[in-house]
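K.L.:
Here is a sequence together with a model predicted from it:
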Amino acid sequence: MKHIIEDIRAIQVLDSRGWPTVRCEVRLTDGALGWAVVPSGASTGAHEAYEKRDGGEAYLGRAVTQAVDNVNGPIARALIGLDATRQLKIDDAMIALDGTKNKSRLGANAILAVSMAVSRAAAGSLGIPLYRYLGGAYARTLPVPMMNILNGGAHASNNLDIQEFMVRPVGAKDFPEAVQMCVHVYRALGALLKAKGLSTGVGDEGGFAPDLPGDEAALKLLVEAIERAGYRPGTDVTLALDVAATEWAQADGTYLLPKQNRRMTREALIAHYEALIRSFPIDSIEDPLGEDDFEGFTEMVKRAGIQVVGDDLFTTNPERVEKGMKEKSATAVLIKLNQIGTVSEAMQCVRMTQAGGWQAVISHRSGETEDSFIADLAVATNAGQIKAGAPARTDRTAKYNRLLEIADEMARDMG
Ligand code: PGA
Ligand code: ZN
């Protein structure tokens, strides 16, 4: 038995926005070392697992020393001596130790840091890459990257209400070409903005964040950038949106687009999306409606005829995905590890999603780190889609760079 957990140690570090987050290191008796740093959202869903923050003055209330202490104290005591390759048992042990439904006692940020670090340590101990450890011999699909090259909503201080305008290089022959295509479009967009005298400053996910007249103008600019880069919109590169409409949902069931100060009924909003889909090569929309509007999502699926992704709607929670499947409320589930809090539960959510004939889209958070775990997770699950922001800023490119490494490893494997 050489994969035994010998030591677990967490510290407080910073995420890409400079807010504190949890970094964990797990050492096994054979010397194998696993580490992980957890991400953090801005447009978080109400049904997400609990992110434990200290409150008080340090880091304006956002310090995570209690979560760190929970790793170094109770979690370490419960897990030291266990076999690191028993991921389910380890995650179950932490869930039991926490004892709450949303991981609010220990903190999902504490639990997830350990869960991820344990799986890395186990993979290292077995001498196999993380994606193969998590996914097995048939974990081979490199995902199509959905790169968020224009930021709005809660991720930018510009006047765009839609949070993410993404490009999808669906015509790429392989992953390296997909990355190159996105970079070409991103650079073409930058040049266009510059030529128009607009801001080329970037938002939280590395996308440009200019002030524009509205959604349509943003989409027109993206189509222009795709063409300028030498690609055919809708054939080589398509567009995807993350509306993050939970941010707009009002108690009375209407939607208020805060930056444009525009109020819409659910029906008007769906009709607005239909018009956008008719006018632009959009083939995926995430969170078009509020996080509890299962019914509205069902209507959206019926009328949109494209991929409808649930993020805040599902929060990577198998129970909510089950409800959504019964009601046909989406066609894809966004998978974010820290929305549910353990690797095992996220894997279970992916399995359910795929077994039900839906797509899983593996995702970063707007607050990210140097940790590229989700790149391996995307390959492990053969999800086929990943969103990890623009091809800019190391917190985003770390994921694409890890996928480039995996692509190369696979090419050599097959050669
Ligand atoms: P978040 O944004 O990490 O701020 O929640 C990402 C998303 O909504 O998909
Ligand atoms: Zn989202």
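P.N.:
Okay, I see it. Treat the numbers as computed from the prediction; the structure is a model and nothing was measured. Ligands and ions are numbered 1, 2, ... in the order given.

K.L.:
can I assume residue 23 sits in a strand?
P.N.:
Yes. Assessed by DSSP: H, G, I helix; E, B strand; the rest coil, residue 23 belongs to a strand.

K.L.:
Low-confidence stretches in this structure?
P.N.:
The chain contains residues with pLDDT under 70 at 1.

K.L.:
What segments of the stretch 251-400 of the chain are helices?
P.N.:
Secondary structure of the stretch 251-400 of the chain (DSSP state H, counting those that start in this stretch): helices at 266-279, 294-304, 318-326, 337-340, 343-355, 373-380, 394-414.

K.L.:
Minimum distance to residue 209: which of those has it?
P.N.:
helix 394-414 (14.2 Å; CB to CB). Quick note: C-beta positions are derived from backbone N, CA and C, even for glycine.

K.L.:
and that closest one, what does it pack onto?
P.N.:
Packing partners of helix 394-414 (3 or more CB pairs under 8 Å, 6 or more residues apart in numbering; DSSP states H and E): helix 175-195, helix 373-380.

K.L.:
May I see the ones you listed organised as a markdown table, with mean neighbour count and distance to residue 219 added?
P.N.:
Formatted as a markdown table, those follow (neighbours: other CB atoms under 10 Å; distance: least, CB to CB, whole Å):
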| stretch | mean neighbour count | distance to residue 219 |
| --- | --- | --- |
| helix 175-195 | 19 | 12 |
| helix 373-380 | 29 | 26 |
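
K.L.:
do you know which of the ones you listed lies nearest residue 209?
P.N.:
Residue 209 lies closest to helix 175-195 among these, at 9.9 Å (CB to CB).

K.L.:
what comes into contact with that closest one?
P.N.:
With CB atoms under 8 Å, 6 or more residues apart in numbering as the contact definition, helix 175-195 has outside contacts at 142-145, 147, 149-150, 167, 169, 171-172, 199-200, 208, 210, 221-222, 224-226, 228-231, 236-237, 390-392, 400, 403-404, 407.

K.L.:
What parts of the stretch 151-300 of the chain come near ligand 1?
P.N.:
242, 244 (CB under 6 Å from any ligand atom).

K.L.:
Point out the residues in the stretch 201-350 of the chain that sit beside ligand 2.
P.N.:
242, 286, 311 (CB under 5 Å from the ion).

K.L.:
Test my guess that the second one contacts residue 245.
P.N.:
If I follow you right, that is residue 286. No. In this structure, residue 286 is not within contact of residue 245 by CB atoms under 8 Å, at 9.3 Å.

K.L.:
For the residue nearest to residue 151 when sequence neighbours are not counted, give its distance to residue 388.
P.N.:
The spatial neighbour of residue 151 that comes closest, neighbours along the chain excluded (CB to CB, 6 or more residues apart in numbering), is residue 203 at 2.8 Å. Residue 203 sits at a distance of 14 Å from residue 388 (criterion: CB to CB, to the nearest Å).
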